[in-house]
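1. Predicted model, plus sequence, below.
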Amino acid sequence: MKFTLGQIAAILHAKLEGNPETEISDLSKIQEGHAGSLSFLANPKYLPYIYTTQASAVIVQEDFEPQEALQTALLRVKDPYAAFTFLLQKVAELQRRPKSGIEKHAFIADSAQVAASAYVGAFSYIAEGAVIGEGAQIHPQVYIGEGAHIGAGSVIFPHSTIYHQTVVGANCIIHAGACIGSDGFGFAPQADGSFQKIPQLGRVVLEDEVEIGANSCIDRATLGDTLVKKGVKLDNLVQIAHNVEIGSNSVIAAQSGIAGSTTLEENCMLGGQVGVVGHLTLAKGSKIDAQSGVNKSIKEPGQAFRGSPIQLFRDQLRSEMVFRKLADMYQQMDRLEKRLEELESPSI
């Protein structure tokens, strides 16, 4: 696939400084640019690379002013990162053209409904009463359980498991190995020390435009629904427990875990390896730094936290500064105590 800089400038509504006939056949990082590639500059720490990059063109901010001579053409836009992301999306669409039809060796139950425009890959299993919407892409070796519903345009990658009665909205992406709708972790302690399993009779509901990372797990509710609202993005290896509600447009990074019956309001952001205790509420726009432990509800919207247990971001940074000085403080206290003992001891 090749495009000229003039064509790309028109698509991005960018101001071009360079030859509009230059051909672009690849997208690259600015430090790995080469002839025929297009890159972008959004983070100031990558600024030095714009003077050495071999990329044929770089997307920059409208007000960018080079301090040295450049060897590359410029495409000036309001938001370079957003512009480059838009191009990545277009390339991905060209590379992943939707398929249709049912491949050999796929199993589809008689009562299942598969739209004519949908695709079901080889060795996939579509159980009784399942519904596969228009244009949905069910890749090979996917399991869709009884009564599950896959919305129009959604993509389920190989080895994913969608349990019975699970609802997946439109234009969702579920990456390889994800498990949606497995039993919640519910067990009642017994007098003899054993645990009695509590039946998990609810569902998992993913609203539209949700993306679930590889090998992530979302547990079905005990009763009612585990709910992941529109636009939520989960990284790989994320665990969502039973009856959790994830607010719209929230993002959760890898290896994070949300315990049962916790609610994240919209636009929350959780870094990697964050743990959240059950039965809490995190207010709209809450931001939790990586490896933090959330053990209490957050009531004020838009605040940032870090640490385990969490503190307000700046308070925790101050605590870390004090902690780093503890060894020196201990030695100083030891010297002061010895000096005090000397002063208080009777003179001979």
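-> Okay, I see it. Residues are numbered from 1 along each chain as shown.

2. Please identify the buried residues of stretch 176-184?
-> 176-182, 184 (16 or more other Cβ atoms under 10 Å). Bear in mind the C-beta positions are built from the backbone N, C-alpha and C, glycine included.

3. what's the average pLDDT for that stretch?
-> Throughout stretch 176-184, pLDDT has a mean value of 97.

4. With stretch 275-287 instead?
-> So the average pLDDT for stretch 275-287 ends up being 97.

5. Number the chain from 54, please
-> Okay, residue one is now 54; in that scheme the one you just asked about reads as stretch 328-340.

6. What residues of it count as buried?
-> Neighbour-count burial for stretch 328-340 [16+ other Cβ under 10 Å]: 328-329, 333, 335-340.

7. I'd like the distance from whichever strand or helix holds Asp381 to the chain centre, please.
-> Assigned by DSSP states H and E, Asp381 belongs to helix 379-397. On the basis of Cα atoms, centre = their mean, to the nearest Å, helix 379-397 sits 50 Å off its chain's mean C-alpha point.

8. same question, stretch 342-354
-> Centre to centre, stretch against its chain (Cα atoms, centre = their mean), the figure for stretch 342-354 is 18 Å.

9. Buried ones in that stretch, by neighbour count?
-> Neighbour-count burial for stretch 342-354 [16+ other Cβ under 10 Å]: 342, 345-347, 351.

10. now the residues you listed in TSV, with secondary structure and distance to Lys55?
-> Below are the buried residues of stretch 342-354 laid out as TSV (DSSP: H, G, I helix; E, B strand; the rest coil; distance: Cβ to Cβ, whole Å):
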residue	secondary structure	distance to Lys55
Asp342	coil	43
Ser345	coil	46
Gly346	strand	50
Val347	strand	49
Ile351	strand	50
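
11. where are the low-confidence patches of the chain?
-> Applying pLDDT under 70 to the chain flags residues 400-401.

12. what helix or strand does Ala138 sit in?
-> Residue 138: Thr, not Ala. helix 133-148.

13. domain ranges for the chain?
-> Residue ranges for the domains of the chain, per automatic domain parsing: 56-148, 154-368.

14. Out of those, which one sits most buried?
-> Highest mean neighbour count of the domains of the chain: domain 154-368, a mean of 19 (counted as mean count of other Cβ atoms under 10 Å).

15. Quote the end-to-end distance of it.
-> This stretch, domain 154-368, spans 57 Å end to end (Cα to Cα, to the nearest Å).

16. cool, stretch 170-177 as well?
-> So stretch 170-177: terminal residues 17 Å apart, Cα to Cα.

17. quick one: contacts of that stretch?
-> Contact with stretch 170-177 is made by 151-161, 167, 179, 185-197, 211, as judged by Cβ atoms under 8 Å, 6 or more residues apart in numbering.

18. now do 10 Å
-> Outside of stretch 170-177, the residues within contact range by Cβ atoms under 10 Å, 6 or more residues apart in numbering are 151-161, 165, 167, 179, 184-197, 203, 205-211, 213.

19. can you give me the offset of it from its chain's centre?
-> 26 Å.

20. Ok, stretch 116-131 next?
-> The answer for stretch 116-131 is 32 Å, by Cα atoms, centre = their mean.

21. and for that stretch, what are the contacting residues?
-> 58, 61-62, 65-73, 75, 77, 83, 86, 90-94, 100-101, 103-115, 133, 136-137, 139.

22. Over to stretch 66-79?
-> 54-63, 86-92, 108-113, 115, 117, 123, 125-131, 133, 136, 140, 144.

23. If we use 6 Å, what do you get?
-> 55-59, 62, 89-91, 109, 126-130 (Cβ atoms under 6 Å, 6 or more residues apart in numbering).

24. These: which two are farthest apart?
-> Lys55 and Arg129 (22.3 Å; Cβ to Cβ).

25. the helices in the stretch 54-203 of the chain, which residues?
-> 58-65, 133-148 (DSSP state H, counting those that start in this stretch).

26. what are the C-alpha coordinates of the first one, in CSV please?
-> Output for helix 58-65, consisting of C-alpha atoms alone and laid out as CSV, is shown next (Å, rounded to 0.1, in the frame of the first residue of the first chain):
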residue,chain,number,x,y,z
LEU,A,58,2.2,12.9,1.1
GLY,A,59,-0.3,15.0,-0.7
GLN,A,60,-3.0,12.3,-0.2
ILE,A,61,-2.1,11.9,3.4
ALA,A,62,-2.1,15.7,4.0
ALA,A,63,-5.6,15.8,2.6
ILE,A,64,-6.8,13.0,4.8
LEU,A,65,-5.4,14.6,7.9
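
27. just how off-centre is that helix within its chain?
-> Distance, centroid of helix 58-65 to centroid of chain: 30 Å (Cα atoms, centre = their mean).

28. That helix packs against which elements?
-> Helix 58-65 sits against no helix or strand, with contacts defined as 3 or more Cβ pairs under 6 Å, 6 or more residues apart in numbering; DSSP states H and E.

29. who touches the helix holding Thr138?
-> 65, 93, 95, 112-114, 130.

30. For Lys282, state which of the residues you listed is nearest.
-> Nearest member of these to Lys282, counting by Cβ to Cβ, is Ala95, at 28.4 Å.

31. hmm, back to that, between the buried residues of stretch 229-237, which is nearest Val221?
-> Once Cβ to Cβ is applied, the member of those that ends up nearest Val221 is Ile233, at 7.2 Å.

32. roughly how far apart are the closest one and Val258?
-> 10 Å (Cβ to Cβ, to the nearest Å).
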